[in-house]
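Model the following, please.
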Amino acid sequence: MFRPQRLTARLNLRSVRWNSTSSPSTPPLMTKIRTDLKVAMRAKDTARLNVLRAIISETNNSLKTSSPIQTDLQLLSLIRKRMTGAKDAAQQFAEANRPDLKESEEKNVTILEEYANQVETISLDDVRQIVAQEISVLKEAGQKVEIGTLLKSLFAPGGALDGKPAERSEVAKIAKEAVSAL
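Predicted structure coming up:
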């Protein structure tokens, strides 16, 4: 009825551990934020804790999207986005006569500004100069100077701003001003 099965040792089988080699890299500012989170926990600084936890949460959520935050510039744009939201909220609280909530939002803005200032970017004067040079190059090539073509040529591989710490939104504003001045 039941036949006893013979247990044999399987030879040449090793347990294999699979590792992903393309793990997303964390920006250097994110490591600073995580260490500051620990310091804020020890100091029981609730305002800083809330801001840092929100940044870490949004960064972790971006890892699940098609464009994860992997550089300090991407993290800077996230911080600036949160800063504008906090400034708007502080303004609305002031209009609603809620000074306590306005004060907490202003604390959040100062904390966010502290981290935004830690990211080094190209100065606006340098960006203006690079944009003016690129416009002259496009004119010499006989191409029509439009904002889209200008930004593509600036950020294209081998372009003037390729790999440099320049925030795209700032460059777009400067490019729009330069093209409208033509």
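
okay, CA-based contacts and neighbour counts for the rest of this
Will do.

Leu101: helix or strand, and which one exactly?
helix 99-116 (DSSP states H and E).

Determine how far the following helix or strand past that helix lies from the middle of the whole chain.
Counting by DSSP H and E, the next helix or strand C-terminal to helix 99-116 is helix 124-140. The chain centre lies 25 Å from the centre of helix 124-140; the measure is CA atoms, centre = their mean, to the nearest Å.

Just the buried positions in helix 124-140, please.
Residues of helix 124-140 classed as buried by neighbour count (16 or more other CA atoms under 10 Å): Val127, Arg128, Ile130, Val131, Ala132, Glu134, Ile135, Leu138.

In those residues, find the pair that's most separated.
Greatest spatial distance in these: Val127 and Leu138, 16.3 Å, computed using CA to CA.

quick one: which of the buried residues of helix 124-140 is nearest Asp72?
For those, the minimum distance to Asp72 (CA to CA) is 18.2 Å, reached by Val127.

That closest one and Val171 touch, don't they?
Yes - counting by CA atoms under 8 Å, Val171 is a contact partner of Val127 at 6.8 Å.

Show me where the protein dips below the pLDDT cut-off.
Across the chain, the ranges flagged by pLDDT under 70 are 1-24.

Please repeat the previous calculation with a cut-off of 90.
Along the chain, segments meeting pLDDT under 90 span 1-29, 62-63, 65-74, 76-77, 117-182.

Show me the contact partners of the longest helix along the chain.
When the chain is parsed with DSSP state H, its longest helix is helix 72-95. Under the criterion CA atoms under 8 Å, 6 or more residues apart in numbering, residues 27-30, 55, 59, 69, 99, 101-103, 105-106, 108-109, 112-113, 115-116, 119, 165-167 lie in contact with helix 72-95.

Drop anything exposed from these.
For the contacts of helix 72-95, buried by 16+ other CA under 10 Å: 29-30, 55, 59, 69, 101-102, 105-106, 108-109, 112, 115-116, 166-167.

which pair in these spans the largest distance?
Maximum pairwise distance in these, criterion CA to CA, is 33.9 Å, between Leu101 and Ala166.

Please report the distance of Glu177 from Ala132.
The gap separating Glu177 from Ala132 is 11 Å, by CA to CA, to the nearest Å.

what does Arg53 give?
Counting by CA to CA - Arg53 and Ala132 are separated by 41 Å.
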